[in-house]
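Enquirer: can't give you the sequence, but here's the structure:
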């Protein structure tokens, strides 16, 4: 095991997998080698998981958990690590219910190791958009274990990104990253990837608002995180698929932050996620691939296939936030039929309140119902977006956006864009003050 770890660090030559396998064989044959056997299984499971051999990693972790259970060592250092590795393998292949079954009750354990294990249940709740995630996050804080707090930070970052709060997510990254005591930790790469995701969102919003300077600043910070990630893996003997995945994810987000075409980069991320056996990441990268393609007007078969793959995988996982994001992109791009979603038949109905002919009245005698697309345009109008910005957000031309705006103004009986928003809010068609 020790030699295998040195090979991983690039200090000596050798085959990591063979060394760990030999350690498992030798320790299993030693009647007094229980601790060594669990140690060998632990490091073998890590190596297999990073190599994308998830099924083999799960078998190694299962064997280690069984040993720990038999010997009463499930909460020992290696016993806990093996239970965590089992959970990560199950999470990767989408067996989330089993993760919850194995780790959720540990949230109520009186000891720190139990709460560490429960971070895996929190990860599933966050990915599923379960409202119980916030409460569990609060309950698990304060373990006193830097690694457990780091897992909680990653979950909180994911929550912020789901909720469209990239600045909050970035603040957590900047707090968490310096707390990692060792270089080369996989969690550092995960934080870098999430930082670039947040920065890409911030850059996109700034660019949409016409603030090129701010967008360039966010892009520069994203490049800094990409350089940091490259430095973190520089000492590794070999970059495994599960590690290469996060390097590629970070690089693709940099392109997105810079406003450059990134569909091909996201296709590479999808491939690495597939090699790593990580279903949720395949879905997430597929969605990014499709969105990047739509940004440059590509509505072809590959784009539709990426959207369909993201939706099917999100449905299989019960990943509601990811599914909602995919659904929004499909409907904004009007690809419902191609992807296989039912076409929207809802309309923004007129209010029955207000007197006919009065300012803001949406009675049947003064205005027609808005179409679903006009409802989407109206929401963006309320955010102060120009026709060009609306077109980019909805994957339509500026001219088409202008036509929708004119129709909205006419249907609401308004004299301007601003008045249309005021009228819509007064009649309850739009939320907000």
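Expert: On my side now, so go ahead. In this text the structure is predicted, and so the values were computed from the model without any measurement.
Enquirer: low pLDDT regions in the stretch 101-250 of the chain?
Expert: Applying pLDDT under 70 to the stretch 101-250 of the chain picks out residues 237.
Enquirer: switch to 90 and redo it
Expert: Where the stretch 101-250 of the chain drops to pLDDT under 90, the residues are 105-115, 142-147, 179, 181-186, 208, 232-239.
Enquirer: count of neighbours near the residue nearest to residue 329 when sequence neighbours are not counted?
Expert: Nearest non-adjacent residue to residue 329, counting by Cβ to Cβ, 6 or more residues apart in numbering: residue 291, 5.6 Å away. No exception for glycine: its C-beta is placed from N, CA and C like everyone else's. When neighbours are counted by other Cβ atoms under 10 Å, residue 291 registers 23.
Enquirer: other SSEs contacting whichever strand or helix holds residue 257?
Expert: Residue 257 belongs to helix 241-258 when elements are defined using DSSP states H and E. Applying 3 or more Cβ pairs under 8 Å, 6 or more residues apart in numbering; DSSP states H and E, one finds that helix 241-258 contacts helix 34-50, helix 186-208, helix 212-232, helix 263-276, helix 279-295.
Enquirer: let's go with 6 Å and repeat that
Expert: Packing partners of helix 241-258 (3 or more Cβ pairs under 6 Å, 6 or more residues apart in numbering; DSSP states H and E): helix 186-208, helix 212-232, helix 263-276.
Enquirer: tell me the mean pLDDT over the shortest one?
Expert: The predicted model assigns helix 263-276 a mean pLDDT of 96.
Enquirer: mind listing what's buried in that helix?
Expert: Residues 263, 265-270, 272-276 are the ones in helix 263-276 that count as buried (16 or more other Cβ atoms under 10 Å).
Enquirer: which residues sit against it?
Expert: Helix 263-276 has contacts (Cβ atoms under 6 Å, 6 or more residues apart in numbering) with 52, 241-242, 244-245, 248-249, 252, 255, 281-282, 285-286, 288-289, 292-293.
Enquirer: list the contacts of the closest residue to residue 247 other than its chain neighbours.
Expert: Nearest non-adjacent residue to residue 247, counting by Cβ to Cβ, 6+ apart: residue 229, 5.6 Å away. With contact set as Cβ under 6 Å, 6+ apart, residue 229 has these partners: 189, 192, 247, 250.
Enquirer: picking up where we left off before, please render the helices and strands packed on helix 241-258 as CSV that adds distance to residue 29 to the earlier fields.
Expert: As requested, the helices and strands packed on helix 241-258 are exported to CSV (distance: least, Cβ to Cβ, whole Å):
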stretch, distance to residue 29
helix 186-208, 31
helix 212-232, 37
helix 263-276, 32
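Enquirer: most tightly surrounded among the ones you listed?
Expert: helix 186-208 (a mean of 23; mean count of other Cβ atoms under 10 Å).
Enquirer: got a list of what residue 132 touches?
Expert: With Cβ under 6 Å, 6+ apart, residue 132 has these contacts: residue 125.
Enquirer: and what of residue 421?
Expert: 381-382 are the contacts of residue 421 under Cβ under 6 Å, 6+ apart.
Enquirer: can you tell me the SS state at residue 234?
Expert: Three-state call for residue 234 (DSSP: H, G, I helix; E, B strand; the rest coil): coil.
Enquirer: number of nearby residues for the residue nearest to residue 40 when sequence neighbours are not counted?
Expert: Leaving out its chain neighbours, the residue that sits closest to residue 40 by Cβ to Cβ, 6+ apart is residue 23, at 3.8 Å. Using other Cβ under 10 Å, residue 23 is surrounded by 22 other residues.
Enquirer: can I assume residue 23 is in contact with residue 2?
Expert: No. Judged on Cβ atoms under 6 Å, residue 23 makes no contact with residue 2 at a distance of 8.9 Å.
Enquirer: which residues of the stretch 1-150 of the chain fall in helices?
Expert: Assigned by DSSP state H, counting those that start in this stretch, the stretch 1-150 of the chain shows helices spanning 2-8, 16-29, 34-50, 54-71, 77-92, 96-103, 112-127, 132-140, 146-162.
Enquirer: with distance to residue 403 as extra columns, can I get those helices in TSV?
Expert: Shown next, in TSV, are the helices of the stretch 1-150 of the chain (distance: least, Cβ to Cβ, whole Å):
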stretch	distance to residue 403
helix 2-8	60
helix 16-29	61
helix 34-50	52
helix 54-71	50
helix 77-92	47
helix 96-103	45
helix 112-127	39
helix 132-140	42
helix 146-162	33
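Enquirer: returning to that earlier point: and the furthest pair within the contacts of residue 229?
Expert: Across those, the longest distance by Cβ to Cβ is 8.7 Å; it joins 192 and 247.
Enquirer: can you point out the buried residues in whichever helix or strand residue 307 is part of?
Expert: Here residue 307, judged by DSSP H and E, is contained in helix 301-317. Across helix 301-317, burial judged by 16+ other Cβ under 10 Å covers 303-304, 306-314, 317.
Enquirer: want to try CSV for the residues you listed, with distance to residue 101 and pLDDT as columns?
Expert: Output for the buried residues of helix 301-317, formatted as CSV (distance: Cβ to Cβ, whole Å; pLDDT from 0 to 100):
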residue, distance to residue 101, pLDDT
303, 37, 95
304, 36, 94
306, 32, 95
307, 32, 94
308, 30, 93
309, 28, 95
310, 27, 95
311, 26, 93
312, 24, 92
313, 22, 94
314, 21, 93
317, 16, 93
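Enquirer: which one of the buried residues of helix 263-276 is nearest to residue 215?
Expert: residue 265 (18.5 Å).
Enquirer: distance of that closest one from residue 296?
Expert: As defined by Cβ to Cβ, to the nearest Å, residue 265 lies at a distance of 13 Å from residue 296.
Enquirer: repeat for residue 65
Expert: For residue 65, the distance to residue 296 - Cβ to Cβ - is 48 Å.
Enquirer: ok, residue 14 - contacts?
Expert: By Cβ under 6 Å, 6+ apart, residue 14 lies in contact with residue 7.
Enquirer: neighbouring contacts of the helix holding residue 307?
Expert: 94, 279, 283, 286-287, 289-290, 293, 322-323, 326, 330, 338-339.
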